[in-house]
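> need the 3D shape of this:
(2 chains)
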Amino acid sequence: MATILIDPGVGEGAAAQSGAARLATLKGKRIGLLDNIKHNAEYLLLELSERLRAEHGCDVRLVKKKTYTKFAAPAVLASLADCDAVVTAIGD
Amino acid sequence: MKAAARHELADSDDPIQFCYDRGWTDGLPVVPPTPERVEAMLRGTPLTPSTVVAKVPPAWATATVEKIAVNAVMAGCLPEYMPVIVAAVKAMTDPALNLNGMQCSTHLSTPLVVVNGPARLALGMNCGSNVFGQGNRANATIGRAIKLILTNLGRAIPGVTDKATLGHPGKYTYCIAENEEQSPWDPLHVERGLSREQSAVTVFGCEAPHNVNNQASQNANDLAYTIADTMATLGKNMFYAQGEVMVVLCPSHAETIAQDGWTKQHLKEYLYEKARKPVRLVKLGGLYGREVKRNFWPRWVNREDENEMVPLVRRPCEITIVVAGGPGRHTAFLPGWATPSVTVAVE
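Predicted coordinates:
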């Protein structure tokens, strides 16, 4: 008789998630930047912000989480809801 | 909640290797979770298999009683351990613990389970010599079941979603029982409002135990000073993020401290006052300047005064005291991850 084992986890494919659809172009897009307030995240995002504005004419919105280990507050996420894309960064 | 998925193995499959291949293990062999073994494990709890106990981050998968039992089988548990494991899953998924952050952090903290009350004795748990070490089935496998749940349901995958730079051995198993019989004070769960006859688990996200060796002192002050000095080191999260810490006193140290008339509260207040570092030394560690605006020091700390003493924790109640271990004069300090411990009754 065949051995049966019971799955201890989330099962086949249950955890699979796909990324958001890629933008065809950055030109003129509204881009949200979510800073988790880790030590070096801000440097990376500020540099990115400048380049998005200068090279692609993006409308850039930088917002910060209150605590880096916890979820962004609903109000913070809501402030990014009308963005075409959001970039987040951590930086230890 | 629907039942867990089942896998039918080919005759040529080795069940232990099958578990490895599926990524279900911690790197050590597991007991294959056959339906018969899971059914037997479920007899250890009055809860129905479909009962939802919690959602485990970062995947936020649902921990049903059945899923917990499957992981308990794999860890090598006995059915009677189930109520303690269920309580520990409840405790560690309390939002206060921020398990999601802990599971994904570069920091090496991981949940420690401390068991109190009659269940310790009923399950034959070790609260004496080598309490953090190997050799006791209940301590080892209850702790391991929790870690397998964190991996299989939480999907904390090393290097992928578990971003710990180093990790620590407590990520295999990390479970102790308090030595209530040799403690001069109320045990942890009684301190937190439960009766002595009630079993309970406390879960605390923390580093590995750091030894505090003092075999010479015969008075409370000297012993407490040694503990405070061991606590006040720069590399802990505390001088940056504050939060709770745990001190696991050996019975002999606890007895010496209590003989001088100190209560547990006295010890907490002493450690709160003495486990400090001056601002000038904290600066040497770089936890100042740009970061000073983001640390969680109490408002009363004068950041401009080089000699101001920065406390390790914000208040005495954030120093949790447990008595455990056997003969000898060694205590342990367990730095936390800036979140509090959570106590839950075993039902």
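
> could you pull out the helices for chain B?
Ranges of helices in chain B, per DSSP state H, are B:15-21, B:35-42, B:65-75, B:82-92, B:99-104, B:118-122, B:137-152, B:188-191, B:220-231, B:238-241, B:251-259, B:264-274, B:279-284.

> just say which of those helices is most tucked in.
Highest mean neighbour count among those (mean count of other C-beta atoms under 10 Å in any protein chain shown): helix B:65-75, with a mean of 29. In this view, the C-beta of every residue, glycine as well, is placed from N, C-alpha and C.

> that one near chain A anywhere?
Yes: remark: helix B:65-75 sits within contact range of chain A at B:66, B:67, B:70, B:71, B:74, by C-beta under 8 Å from any C-beta of the partner chain.

> relative to residue B:206, how far out is the third one?
This points to residue B:70. Per C-beta to C-beta, to the nearest Å, residue B:70 is found 27 Å from residue B:206.

> output the helices of chain B as JSON lines; include the columns mean pLDDT.
Below are those laid out as JSON lines (pLDDT from 0 to 100):
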{"stretch": "helix B:15-21", "mean pLDDT": "98"}
{"stretch": "helix B:35-42", "mean pLDDT": "98"}
{"stretch": "helix B:65-75", "mean pLDDT": "98"}
{"stretch": "helix B:82-92", "mean pLDDT": "98"}
{"stretch": "helix B:99-104", "mean pLDDT": "94"}
{"stretch": "helix B:118-122", "mean pLDDT": "98"}
{"stretch": "helix B:137-152", "mean pLDDT": "98"}
{"stretch": "helix B:188-191", "mean pLDDT": "98"}
{"stretch": "helix B:220-231", "mean pLDDT": "97"}
{"stretch": "helix B:238-241", "mean pLDDT": "82"}
{"stretch": "helix B:251-259", "mean pLDDT": "98"}
{"stretch": "helix B:264-274", "mean pLDDT": "98"}
{"stretch": "helix B:279-284", "mean pLDDT": "85"}
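
> now render the residues of helix B:65-75 next to chain A as a markdown table, adding distance to residue B:246.
Shown next, in a markdown table, are the residues of helix B:65-75 next to chain A (distance: C-beta to C-beta, whole Å):
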| residue | distance to residue B:246 |
| --- | --- |
| B:66 | 32 |
| B:67 | 29 |
| B:70 | 30 |
| B:71 | 25 |
| B:74 | 28 |
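
> identify the residue nearest the closest residue to chain B within chain A in space, chain neighbours excluded?
As assessed by C-beta to the nearest C-beta, chain B sits closest to residue A:69 within chain A, at 3.4 Å. Once flanking residues are discounted, residue A:69 sits nearest to residue B:101: 3.4 Å by C-beta to C-beta, 6 or more residues apart in numbering or on different chains.

> distance-wise, check the most centrally placed residue in chain B relative to chain A.
Compute the mean C-alpha point of chain B, and by C-alpha atoms, centre = their mean the closest residue is residue B:112, 1.5 Å away. Residue B:112 is 18 Å from chain A, where distance means C-beta to the nearest C-beta, to the nearest Å.

> how about residue B:158?
Residue B:158 sits 15 Å away from chain A, taking C-beta to the nearest C-beta as the criterion.

> check residue B:344 too.
As judged by C-beta to the nearest C-beta, residue B:344 and chain A stand 21 Å apart.

> who's that residue bridged to?
Beta-bridge pairing of residue B:344 under DSSP bridges involves residue B:201.

> how about it, what does it touch?
Residues in contact with residue B:344, defined by C-beta atoms under 8 Å, 6 or more residues apart in numbering or on different chains, are B:87, B:88, B:90, B:91, B:94, B:200, B:201, B:202, B:203.

> I'd like to know which of those is nearest to residue B:18.
residue B:88 (27.1 Å; C-beta to C-beta).

> my guess is the closest one meets residue B:147, correct?
No: at 10.8 Å, residue B:88 does not count as touching residue B:147 under the criterion of C-beta atoms under 8 Å.

> next, count neighbours for the closest residue in space to residue B:23 that isn't next to it in sequence.
Excluding its sequence neighbours, the residue lying closest to residue B:23 (C-beta to C-beta, 6+ apart) is residue B:157, at 7.6 Å. Residue crowding around residue B:157 was assessed by other C-beta atoms under 10 Å in any protein chain shown; the count is 15.

> one step back: and the two most separated of the contacts of residue B:344?
Across the contacts of residue B:344 (C-beta to C-beta), the longest gap, 13.4 Å, separates B:94 and B:200.

> between these two, who's got more neighbours?
residue B:200 (25 against 17).

> residues contacting the more buried one?
Neighbouring residues of residue B:200 by C-beta under 8 Å, 6+ apart: B:87, B:115, B:116, B:117, B:188, B:189, B:192, B:194, B:343, B:344, B:345, B:346.

> how about a cut-off of 10 Å?
Contact partners of residue B:200, counting by C-beta atoms under 10 Å, 6 or more residues apart in numbering or on different chains, are B:84, B:87, B:91, B:114-117, B:119, B:178, B:187-190, B:192-194, B:343-346.

> that older thread, which residues are in contact with both of residue B:88 and residue B:147?
By C-beta under 10 Å, 6+ apart, residue B:88 and residue B:147 have these common neighbours: B:111, B:113, B:175.

> beta partners of the first one?
Beta-bridge partners of residue B:111, counted by DSSP bridges, are residue B:205.
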